[in-house]
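Visitor: need coordinates for the following:
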Amino acid sequence: MIARVLEIELARGVSEGVFPSGSAAVAVGDKEPIVRATAPARLYDIASLTKVFVATVLHRLRARGSLDLDASLGRLWPDLAGLPVAAESVRALLSHRSGLPAWLPLYATAAGRDVVMAAARAPTDGPRPTYSDLGFILLGALCERISGCDLPDLLSVEVLDPLGLPSVRYGPVRPDETHPTGHCVFRDRPIVGEVNDENAAAMGGISGHAGLFARVEDVCRLGSAWLSSIEDRGGPLPADLAREATTSVEPGAHALGWDTTRPEGSSAGSLMGPRTFGHLGFTGCSLWVDPDARVSIALLTNRVHPTRDNLAIRAFRPAFHDTVMRAVLQEGLQDGSP
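Guide: Reported below is the predicted structural model:
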């Protein structure tokens, strides 16, 4: 039933012009993901879902005692001394409560590592919380500083290799491995195989806020791994840290690297439980995990092709998740699961 529902929903997304191509995966409990796609399996630019992979690295460093979330950036990174962000804690950046702007066109005036310092020079006088790409640009660089490793290598060692997620990688990737993500005005060309996000592109495609490509089953498996940690059944983190990282002090706000659901209007729909956590990606991607139903649902699309002005994904996502959850719950009743 679940497989058929995924096929129908993805076909609906294409026929209604929500996205030109998409893939979806559902994993229940310890089971392998059920995967369906509108085209032969390929990588997708997962945009801000990169953040949850980088957050997993940060929490792994924390679990080993290599990182104190309540330490200020200035203490961990002396080069930031005198900048407003130096007074902000890692916890504040992870939860989007640092006061940093949501976004700035850093790519217009900086490239490479200079993009990181341009983000660090931004003011911290904005509303709190404010969802901020800049905060995760800094967190990605902080991971490298603490570990002494480049972010791709660190991600492989801490997350991808231990969890068995072979498709996940920073770009560029071969054009025939992925889907196009529209025309970039900044680069003045169609984008395929390169990161869609301009700030990440200015950094060479490697950043803490965007840059990863992945197949849908591996994104879903990350959700399942976090579920295992929450249930104290192994996984990448101790149970207490995983539970803290996925719980916000206020409904609908970000936790520590993850988003949470709100009572109404959540992209996760209306049928996932109150402990649900997840994240969205600008290119039309999402990952939501419901610990009560023990389900992970990943959706990857290239809704930004040919234009990022197509916002139909906003209405599609909650309806998609409700339809999938009905199938999950019905199938659970049929096989006698609690």
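Visitor: how near is S228 to V249?
Guide: 24 Å (C-beta to C-beta, to the nearest Å). Quick note: C-beta positions are derived from backbone N, CA and C, even for glycine.
Visitor: ok, C285 next?
Guide: The gap separating C285 from V249 is 26 Å, by C-beta to C-beta.
Visitor: compare those two (neighbour count), which wins?
Guide: Between C285 and V249, counted using other C-beta atoms under 10 Å, C285 has the larger neighbour count: 28 against 9.
Visitor: so what's that one up against?
Guide: Shown in contact with C285 (C-beta atoms under 8 Å, 6 or more residues apart in numbering): 44, 46-49, 219, 298-301.
Visitor: let's go with 6 Å and repeat that
Guide: Neighbour list for C285: 46, 49, 300 [criterion: C-beta atoms under 6 Å, 6 or more residues apart in numbering].
Visitor: kindly report the same for G135.
Guide: Taking C-beta under 6 Å, 6+ apart, one finds 93, 98, 100 in contact with G135.
Visitor: possible to save those as CSV with distance to R174?
Guide: Formatted as CSV, the contacts of G135 follow (distance: C-beta to C-beta, whole Å):
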residue, distance to R174
L93, 34
S98, 37
L100, 35
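Visitor: and the closest residue in space to R174 that isn't next to it in sequence, how far from P251?
Guide: Distances taken as C-beta to C-beta, 6 or more residues apart in numbering put G193 closest to R174, at 6.1 Å, once the chain neighbours are dropped. Distance, G193 to P251, using C-beta to C-beta: 39 Å.
Visitor: likewise for P127?
Guide: Relative to P251, P127 is positioned 18 Å away (C-beta to C-beta).
Visitor: the more surrounded of the two?
Guide: Neighbours were counted for P127 and for P251 using other C-beta under 10 Å; P251 has more, 11 against 8.
Visitor: count of neighbours near the residue nearest to that one when sequence neighbours are not counted?
Guide: In this structure, P251 finds its nearest non-sequential neighbour in R262, 5.5 Å apart by C-beta to C-beta, 6+ apart. Per other C-beta under 10 Å, the neighbour tally for R262 reads 14.
Visitor: hmm, G252 and R262 touching each other?
Guide: Yes - in this structure, R262 is within contact of G252 by C-beta atoms under 6 Å, at 3.0 Å.
Visitor: packing partners for the lengthiest helix in the chain?
Guide: For the chain, the helix that runs over the most residues, judged by DSSP state H, is helix 313-334. The contact analysis (3 or more C-beta pairs under 6 Å, 6 or more residues apart in numbering; DSSP states H and E) places helix 313-334 against helix 2-15.
Visitor: sheet partners, orientation included, of the next helix or strand after the helix it packs on?
Guide: As assigned by DSSP states H and E, the chain's next helix or strand after helix 2-15 is strand 22-28. Using DSSP bridges, the strands paired with strand 22-28 are strand 34-37 (antiparallel), strand 295-301 (antiparallel).
Visitor: against L94, how distant is H179?
Guide: Going from H179 to L94 by C-beta to C-beta gives 30 Å.
Visitor: check R12 too.
Guide: Distance check for R12 against L94: by C-beta to C-beta, it reads 35 Å.
Visitor: pick out whichever of these two has more residues nearby.
Guide: Each of R12 and L94 has its neighbours counted (other C-beta under 10 Å); L94 has more, 25 against 15.
Visitor: which non-adjacent residue is nearest that one?
Guide: In space, and not counting its chain neighbours, L94 is closest to L256: 4.6 Å by C-beta to C-beta, 6+ apart.
Visitor: the one you found is in what secondary structure piece?
Guide: Counting by DSSP H and E, L256 is part of no helix or strand.
Visitor: is it true that it touches A92?
Guide: No - L256 is beyond contact range of A92, at 10.2 Å (criterion: C-beta under 6 Å).
Visitor: which stretches of the stretch 201-338 of the chain have low pLDDT?
Guide: Within the stretch 201-338 of the chain, the stretches with pLDDT under 70 are 333-338.
Visitor: can you give me the strands in it?
Guide: Per DSSP state E, counting those that start in this stretch, the stretch 201-338 of the chain carries strands over the ranges 212-214, 259-260, 277-281, 285-290, 295-301.
Visitor: TSV please, covering the ones you listed and showing distance to A242.
Guide: Listed next are the strands of the stretch 201-338 of the chain as TSV, based on distance: least, C-beta to C-beta, whole Å:
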stretch	distance to A242
strand 212-214	21
strand 259-260	14
strand 277-281	10
strand 285-290	11
strand 295-301	14
